[in-house]
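>>> here you go, sequence then predicted model.
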Amino acid sequence: MYNSALTAFIRVADEGSFTRAAGEMYLSPTAVMKQINALEQHLGVQLFTRTSHGVQLTPGGKIIYRDAQKIIRFSRRSVEEARAAMAAEEKVFCVGTSLLNPAKVFMDLWAKAGEQFPGYRLHLVPFEDDHDGILGVIGSLGEKFDFLVGVCDSRQWLDQCQMLPLGHYRKMVALPRSHPLANRERLTLDDLEGETLMMVPEGDSGVNDQIRAMLRSQHPGIRIEDTSQFYDVSVFNRCAETGKPLLTLECWKDVHPALKTLPVEWDYTIPYGLLYSLHPPEDVKRYVEAVRSLTGSL
């Protein structure tokens with residue numbers, strides 16, 4: 001905001017020398033003299049008298065020197081306040097993203113719905129898929145994140161957030177690529193007879209509980225082994241290391257390179273959607289409604 005030559009002017013006045021001031025500013029004496037000459041011409045005031053011993057402030061220069069520090073401080077404070085005001089007005093949606101809950105679906109939605117939110121930008125916030133800490137992540141909606149897009153059939157998750165349904169993913173089974181069944185294009189439940197199928201414990205997911213009940217009643221030869229309540233990469237590692245089939249989703253088919261994910265001859269799916277706070281701010285509500293209108297979600 002202020003004339004940058006004022007800084008050179010103050011340094012020359014303090015040092016009493018163009019040469020010493022130039023050394024302090026890492027400039028040549030000629031460059032400093034040019035700045036002072038340009039400032040004098042701009043102000044119409046002679047600032048220094050040149051002597052064989054250096055330079056001295058003129059009476060007019062002393063008045064400019066007296067107020068120059070104030071001008072610089074005021075200008076810097078004004079710029080800082082202006083930047084702070086702009087930052088306060090900056091509109092950002094923070095979107096969580098992880099290996100099992102990637103932000104791609106949100107980005108696809110934003111490409112269509114984002115035009116209704118001019119001035120907003122997106123900030124992707126990565127988080128770890130930690131089966132012990134995922135409820136804390138879900139609880140961060142409205143604080144650390146504005147949105148997540150995730151698979152959600154968990155009663156515990158839905159106690160802590162709202163979800164706008166966007167679609168369904170098929171329930172599938174992952175196998176190590178060395179497993180005898182891995183060369184199939186599709187699995188039947190008869191194929192899994194004698195196998196130990198890993199899946200989440202009973203009681204939190206309606207769809208998974210239906211599958212468990214069906215297996216117990218119709219395919220008792222398929223053993224069931226509980227994993228952690230919520231999946232993370234360690235669950236996929238366990239599948240790869242033990243050779244036991246893992247109940248999974250089509251959207252996770254590329255999570256682990258040592259596994260092959262196959263469809264099963266059943267009709268089980270699980271919903272995924274836009275997750276957001278139980279008590280969202282107005283702009284989050286508006287975005288949810290924009291997506292609802294765009295996708296026709298109920």
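That came in fine, so what should we check first?

>>> strands of the stretch 1-150 of the chain, residue ranges please.
Shown for the stretch 1-150 of the chain, the strands assigned by DSSP state E, counting those that start in this stretch span residues 48-51, 54-57, 91-97, 120-126, 148-151.

>>> just give me the longest strand of this protein.
Secondary structure of the chain per DSSP state E: the longest strand is strand 162-176.

>>> tell me the helix or strand right after it.
Downstream of strand 162-176, the first helix or strand assigned by DSSP states H and E is strand 196-199.

>>> so Glu202 touches Ile211, yeah?
No. Here Glu202 does not reach Ile211: they are 10.3 Å apart, not a contact under Cβ atoms under 8 Å. Glycine gets a C-beta too; all of them are placed from N, C-alpha and C.

>>> show me where the chain dips below the pLDDT cut-off.
Along the chain, segments meeting pLDDT under 70 span 1-2, 79-80, 82-90, 297-298.

>>> so for stretch 14-30, what gets flagged as buried?
Judged by neighbour count (16 or more other Cβ atoms under 10 Å), stretch 14-30 contains these buried residues: 15, 17-18, 20-22, 25, 27.

>>> oh, that last question was meant for stretch 99-115, not what I typed.
99-103, 105-106, 109-110, 113-114.

>>> what lies in contact with that stretch?
Contact partners of stretch 99-115, identified using Cβ atoms under 8 Å, 6 or more residues apart in numbering, comprise 95-97, 120, 122, 124, 129, 147-151, 166, 231-233, 252, 255, 272, 274, 287, 290-291, 294-295.

>>> filter those to the buried ones?
Counted by 16+ other Cβ under 10 Å, the contacts of stretch 99-115 give 95-97, 122, 129, 147-151, 166, 231-233, 252, 255, 272, 274, 287, 290-291, 295 as buried.

>>> is Thr261 in a helix, a strand, or coil?
Of the three states, Thr261 takes strand according to DSSP: H, G, I helix; E, B strand; the rest coil.

>>> check Gly273 too.
strand.

>>> and what of the one 5 residues further on?
Recorded secondary structure, Leu278: coil (three-state DSSP).

>>> picking that back up, what comes up buried for the longest strand of the chain?
So for strand 162-176, counting by 16+ other Cβ under 10 Å, buried means 162-164, 166, 168-176.

>>> what is the nearest of those to Ala68?
Gln162 (57.2 Å; Cβ to Cβ).

>>> okay if I get the buried residues of stretch 14-30 as JSON lines plus distance to Ser140?
Formatted as JSON lines, the buried residues of stretch 14-30 follow (distance: Cβ to Cβ, whole Å):
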{"residue": "Glu15", "distance to Ser140": "55"}
{"residue": "Ser17", "distance to Ser140": "59"}
{"residue": "Phe18", "distance to Ser140": "58"}
{"residue": "Arg20", "distance to Ser140": "56"}
{"residue": "Ala21", "distance to Ser140": "53"}
{"residue": "Ala22", "distance to Ser140": "54"}
{"residue": "Met25", "distance to Ser140": "48"}
{"residue": "Leu27", "distance to Ser140": "50"}
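
>>> residues contacting the residue positioned nearest the centre of the chain?
The centre of the chain sits closest to Leu124, judged by Cα atoms, centre = their mean, with a distance of 1.7 Å. Going by Cβ under 8 Å, 6+ apart, Leu124 touches 94-97, 103.
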